[in-house]
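**Student:** based on what follows, work out the 3D shape:
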Amino acid sequence: MKRLSIAVSLLLFICCATAWPQASNSTVRGAVTDAQSAVIPGAKVVLVNTATNVSREMLTNSAGLYVFPNVTPGPYHVKVEFARMQPFEGALTLQTLQDATVDVVMQVATGVTTVVVQEVTSLVRVDSPALGQSLERQRIEELPVNGRGYTNLLVTVPGIQWSTHGHGIGGRMQGNGLRTGTNVLLVDGAQQNEVWEGWDVARQPSLDALEELRIEVNNSSAKFSRPTSVVMSTRAGTNSLHGAMFYTNRNSAYGVARRRQDNFEKPPFVNRNEYGLSLGGPIVIPKLYNGRNRTFFFWNWEATKFITNSTVRMSVPSAEMRAGDFRQLVDSQGRMEVLYDPFTTNSTTWARQPLAYRGVQNTIDPSRISPTAKYLFDHTQLPTNPSINPYLDANWIGPSRRPLDQDTRNIRIDHRFSDKDLIYARYSYNQHEEQLNSNHAVFLPIEGIHVLNGNSRW
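**Tutor:** Coordinates of the predicted model:
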C-alpha cells in the first residue's frame, strides 16, 4: 500500500508540468478577532472541500490573519478553533478567480458548546473591480443550449457579442463592442485561443468537463493579456462516484422548412449526432490502494458527427465553354469580353491578337484546351439554369455538403500529499476535422481558368 501511494505521488509529480498555471484558481483569506475586535493570533483555521473531504490547515499570524492561496472552485467549510472560544464553522461556495474574504468573530465559550454552520458566501463580490459574470456547474448543466459549445452560454452575459462560422462551432468574441481579437480564453490558466485574428478554438472544451466559467468584460486583472477574459476551471472528481451519458440527434428527416430558392424535391439533408460519457470519483484499487479523501479522477469523452447541406448559388462554365466557345462572355450592356491569344504576343509592342478559331472570335481550337481545364470541366456539374449567362449571374443552384468530425477527451487527476501540498494534472485531447467546401459543383471563376496548353492564363 505504501509503495503504491509513493508511486502514484511520483507519477503525479512527473505529469504535473502542464498544471502549473493557476490563473483559474481562487483565494480564501480573512481575519480572526474576538467580540471586542481584538485580533486572535495562533487560531487554528481549517478549509475543507466538502465534495472531496480534502482539508488545508494553518494558524493565524500575529495580526490574526490567514490566507489559503490557489484554492480550486467548489463548496467548502471554514472551521476556526481557539482555546476558550466557541468554535466557528461557515459554509462557503468559492467561484473561479474569487478572492473570498471570510472574517471570523469568535465568542467566549460557555458551559454548553454549540456549533452553528453559518453561510459566509458573499452575495456581492468586493475582491475585484473587474466587471463580469460567473456560470457555476449548476447553470452549465441546466441552461438550455443548442449544441455542446460553451459559447451558447455567453448569451447570458451582458456586453458579449459572438460571431460564429461554419457549424456554429468556433468563432470570434467581442466584449462591449471592442474589435475581435481583444479577448483571451484560458482553461486552468493555459491560453487556448488563436490571438492573431481572435478566433476561438475549433473544438471547444466539453461542457461536462467544466466546473465553472468566468467571463470578465471590463477592468480585468493585469495578469491577463487582453481586455476581455474567459477563464474556465475544469471539473475534478469527488469522494462519490458520479457519471453521465448522453446522445442527441438532429435530422432533417424529422421535418424542416425549405427556402424559396430550393428547386429540388427534398430539402438539404442535415444529420447531427452528439454523444459522450463522463465519470468521476476517487481512485480505488481493491486491496491495493484507497484514494478516498486523497486521490480523485474525472474523465470524459465526447464526439460530434455532423453532415449538413445548404443551398448555394454558383457560376459554373456552360456546356459551350467546356467545348471552347466563350462567346457568352457578354456584360450587362451587351459588350463582349475580348480574349487574346498569349502565343501571339509581339516581342516589341507586347500586343496580342484576339483569340479565334476558324474565324470565330472568342472560340478556342478544341485541341488547344489544356488537360487541366479538361479535368476541371469533367469534375464540375453542368448548370442547372443553362439560359443564365455565368458571366453575369449564378447559373447553378443546389445543395452544398459540409461534413464535420470532432472528438474530445479529458482526464484530470487530483492528489493530496498533505494538508499543505496538493497537486493536479490534466490531459486533454481535441480533434477537429471540417471540410469547408465540399460542393457538388466546383466553383470556377471564369477569369482564373487555365484553358490553353502551355499553362497560359487568359
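**Student:** for the rest of this, base every contact and every neighbour count on C-alpha atoms.
**Tutor:** Fine.
**Student:** thinking Ser428 is in contact with Asp407, fair?
**Tutor:** No - the pair Ser428 / Asp407 is not scored as a contact, 10.7 Å apart, by Cα atoms under 8 Å.
**Student:** which of those two has more neighbours?
**Tutor:** Asp407 (18 against 13; other Cα atoms under 10 Å).
**Student:** okay, the helix or strand where Asn70 lies in PDB with CA atoms only?
**Tutor:** Assigned by DSSP states H and E, Asn70 belongs to strand 65-71. Extracted in PDB, the C-alpha atoms of strand 65-71 (Å, rounded to 0.1, in the frame of the first residue of the first chain):
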ATOM      1  CA  LEU A  65      -4.700  37.000   9.600                       C
ATOM      2  CA  TYR A  66      -4.900  33.800   7.500                       C
ATOM      3  CA  VAL A  67      -4.800  33.100   3.700                       C
ATOM      4  CA  PHE A  68      -5.300  29.900   1.600                       C
ATOM      5  CA  PRO A  69      -3.900  30.600  -1.900                       C
ATOM      6  CA  ASN A  70      -4.600  28.500  -5.100                       C
ATOM      7  CA  VAL A  71      -7.900  27.100  -4.000                       C
END
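**Student:** next structured bit after that strand?
**Tutor:** Assignment by DSSP H and E places the next element after strand 65-71 at strand 74-81.
**Student:** dump the C-alpha coordinates for that following strand into PDB.
**Tutor:** The C-alpha trace of strand 74-81 is given here as PDB (Å, rounded to 0.1, in the frame of the first residue of the first chain):
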ATOM      1  CA  GLY A  74     -16.200  24.400  -5.300                       C
ATOM      2  CA  PRO A  75     -18.100  24.000  -1.900                       C
ATOM      3  CA  TYR A  76     -16.100  24.500   1.300                       C
ATOM      4  CA  HIS A  77     -16.400  24.600   5.100                       C
ATOM      5  CA  VAL A  78     -14.300  27.100   7.000                       C
ATOM      6  CA  LYS A  79     -13.600  25.900  10.600                       C
ATOM      7  CA  VAL A  80     -11.900  28.100  13.300                       C
ATOM      8  CA  GLU A  81     -10.900  26.900  16.700                       C
END
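**Student:** what are the contacting residues of stretch 293-302?
**Tutor:** Here stretch 293-302 makes contact (Cα atoms under 8 Å, 6 or more residues apart in numbering) with 52-54, 206, 208-209, 235-239, 274-283, 407-417.
**Student:** what mean pLDDT does it get?
**Tutor:** The average pLDDT within stretch 293-302 is 95.
**Student:** please begin residue numbering at 2 from this point
**Tutor:** Sure, I'll start numbering at 2, so the last one becomes stretch 294-303.
**Student:** care to break this protein down by domain?
**Tutor:** 24-120, 130-235, 237-338+366-459 (automatic domain parsing).
**Student:** show me the one of the ones you listed that comes nearest Thr349.
**Tutor:** domain 237-338+366-459 (19.5 Å; Cα to Cα).
**Student:** so where is the stretch 352-459 of the chain shaky, pLDDT-wise?
**Tutor:** 436-459 (pLDDT under 70).
**Student:** at 90 what do you get?
**Tutor:** 356, 359-360, 363, 365-382, 385-395, 397-407, 417-424, 429-459 (pLDDT under 90).
**Student:** and the helices in it, which stretches?
**Tutor:** Along the stretch 352-459 of the chain, counting by DSSP state H, counting those that start in this stretch, helices occupy 372-379.
**Student:** quick check, central residue of this protein?
**Tutor:** Gln205 (2.5 Å; Cα atoms, centre = their mean).
**Student:** so which helix or strand takes in that residue?
**Tutor:** Using DSSP H and E, no helix or strand contains Gln205.
**Student:** leaving out sequence neighbours, find the closest residue to it.
**Tutor:** Gly150 (5.9 Å; Cα to Cα, 6 or more residues apart in numbering).
**Student:** how many neighbours does that neighbour have?
**Tutor:** 17.
**Student:** isn't it right up against Ser207?
**Tutor:** Yes - counting by Cα under 8 Å, Ser207 is a contact partner of Gly150 at 7.0 Å.
**Student:** who touches the residue nearest to Gln205 in this structure?
**Tutor:** Ile170, Gln205, Pro206, Ser207, Leu208.
**Student:** how much space separates it from Val188?
**Tutor:** Distance, Gly150 to Val188, by Cα to Cα, to the nearest Å: 14 Å.
**Student:** again, but for Ser429
**Tutor:** From Ser429 to Val188 the distance is 11 Å (Cα to Cα).
**Student:** about what we covered before: pick the one among the contacts of Gly150 closest to Ala374.
**Tutor:** Comparing the contacts of Gly150 against Ala374 with Cα to Cα picks out Ile170 as the nearest, at 35.9 Å.
**Student:** mind checking what helix or strand follows the host helix or strand of Val47 in sequence?
**Tutor:** Using DSSP H and E, Val47 sits within strand 45-50. Next helix or strand after strand 45-50 toward the C-terminus (DSSP H and E): strand 56-60.
**Student:** which helices and strands does that next one pack with?
**Tutor:** Counting contacts by 3 or more Cα pairs under 8 Å, 6 or more residues apart in numbering; DSSP states H and E, strand 56-60 packs against strand 45-50, strand 66-72.
**Student:** let's have these in CSV, adding mean pLDDT.
**Tutor:** Output for the helices and strands packed on strand 56-60, formatted as CSV (pLDDT from 0 to 100):
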stretch, mean pLDDT
strand 45-50, 94
strand 66-72, 92
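**Student:** pipe the ones you listed into a markdown table and attach mean neighbour count per row.
**Tutor:** Formatted as a markdown table, the helices and strands packed on strand 56-60 follow (neighbours: other Cα atoms under 10 Å):
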| stretch | mean neighbour count |
| --- | --- |
| strand 45-50 | 21 |
| strand 66-72 | 19 |
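**Student:** which one of these lies nearest to Asp35?
**Tutor:** strand 66-72 (12.9 Å).
**Student:** which strands or helices does the closest one pack on?
**Tutor:** Against strand 66-72 (3+ Cα pairs under 8 Å, 6+ apart) you get strand 27-35, strand 56-60.
**Student:** orientation of it relative to strand 27-35 in degrees?
**Tutor:** Here the directions of strand 66-72 and strand 27-35 differ by 160 degrees (axes from the mean of the first three to the mean of the last three Cα atoms, to 10 degrees).
**Student:** partner strands of strand 66-72, parallel or antiparallel?
**Tutor:** strand 27-35 (antiparallel) (DSSP bridges).
**Student:** list the buried ones in the strand it pairs with?
**Tutor:** Judged by neighbour count (16 or more other Cα atoms under 10 Å), strand 27-35 contains these buried residues: Ser27, Thr28, Val29, Gly31, Ala32, Val33, Thr34.
**Student:** is the second one bridged to anything, and to what?
**Tutor:** It refers to Thr28. Bridge pairing for Thr28 - DSSP bridges - gives Asp100.
**Student:** OK, contacts around it?
**Tutor:** So Thr28 contacts Val68, Phe69, Pro70, Asn71, Val72, Leu98, Gln99, Asp100, Ala101 (Cα under 8 Å, 6+ apart).
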